[in-house]
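Trainee: Predicted model follows, preceded by the sequence.
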Amino acid sequence: QGQLVESGGGSAQAGDSLRLSCASSARTSSYSTMAWVRQAPGKERELVAAIRRTGSTHYVSAVKGRFTISRDNANNMLYLQMNSLKLEDTAVYYCAAAPRGIILSEVMNIDSYDVWGQGTQVTVSS
């Protein structure tokens, strides 16, 4: 298993956009599924977006239409484009990866992911 390092977090105003990046020391093509997970202060972790090796994407309803997850296997990178940011998007965002295959019904289950980054803070203000 490799290491995952997130970047691109920071402060933004509501309505702005941010792009998070996740650099993997292992080949991202070795991961069946990769995901972005966030944790807001005082709340449990929430898986917001996932992308399978096939390229199929999955989103939690709160971000659907605003966030886009993508992976660049040639450069071992995972991205999260976040548009129309809202105050409630404030959280620490983690990159996660699953080396083993995950059945479709488990793609949005946090426990399906074994490799985690350290996280990057995103703060949205009005």
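Mentor: Sure, I can see it.
Trainee: hang on, Val122 packs against Tyr93?
Mentor: Yes: at 5.6 Å, Val122 counts as touching Tyr93 under the criterion of C-beta atoms under 8 Å. The way it works is simple: take the backbone N, C-alpha and C, and place the C-beta from them, glycine included.
Trainee: what sits in contact with each of these two?
Mentor: Common neighbours of Val122 and Tyr93, using C-beta atoms under 8 Å, 6 or more residues apart in numbering, are Gly9, Leu20, Arg38.
Trainee: what sits against the closest residue to Gly9 other than its chain neighbours?
Mentor: Once flanking residues are discounted, Gly9 sits nearest to Thr120: 3.3 Å by C-beta to C-beta, 6 or more residues apart in numbering. When contacts are counted by C-beta under 8 Å, 6+ apart, Thr120 is found next to Glu6, Ser7, Gly8, Gly9, Leu20, Val92, Tyr93.
Trainee: Quickly list what Cys22 is bridged to.
Mentor: Judged by DSSP bridges, the bridge partners of Cys22 are Glu6, Leu78.
Trainee: What is the neighbour count of it?
Mentor: Using other C-beta atoms under 10 Å, Cys22 is surrounded by 26 other residues.
Trainee: would you list every one of the strands in this protein?
Mentor: In the chain, strands defined by DSSP state E lie at 4-7, 10-13, 18-24, 33-39, 46-52, 57-59, 67-72, 77-82, 91-98, 115-116, 120-125, listed in chain order.
Trainee: The shortest one pairs with which strands?
Mentor: The pairing partners recorded for strand 115-116 under DSSP bridges are strand 91-98 (antiparallel).
Trainee: quick one, the partner strand and strand 67-72 angle?
Mentor: When axes from the mean of the first three to the mean of the last three C-alpha atoms, to 10 degrees is applied, the directions of strand 91-98 and strand 67-72 differ by 40 degrees.
Trainee: and strand 91-98, average pLDDT?
Mentor: Here strand 91-98 scores 98 as its mean pLDDT.
Trainee: And that strand, how far out from the chain middle?
Mentor: What separates the centre of strand 91-98 from the centre of its chain is 5 Å, taken as C-alpha atoms, centre = their mean, to the nearest Å.
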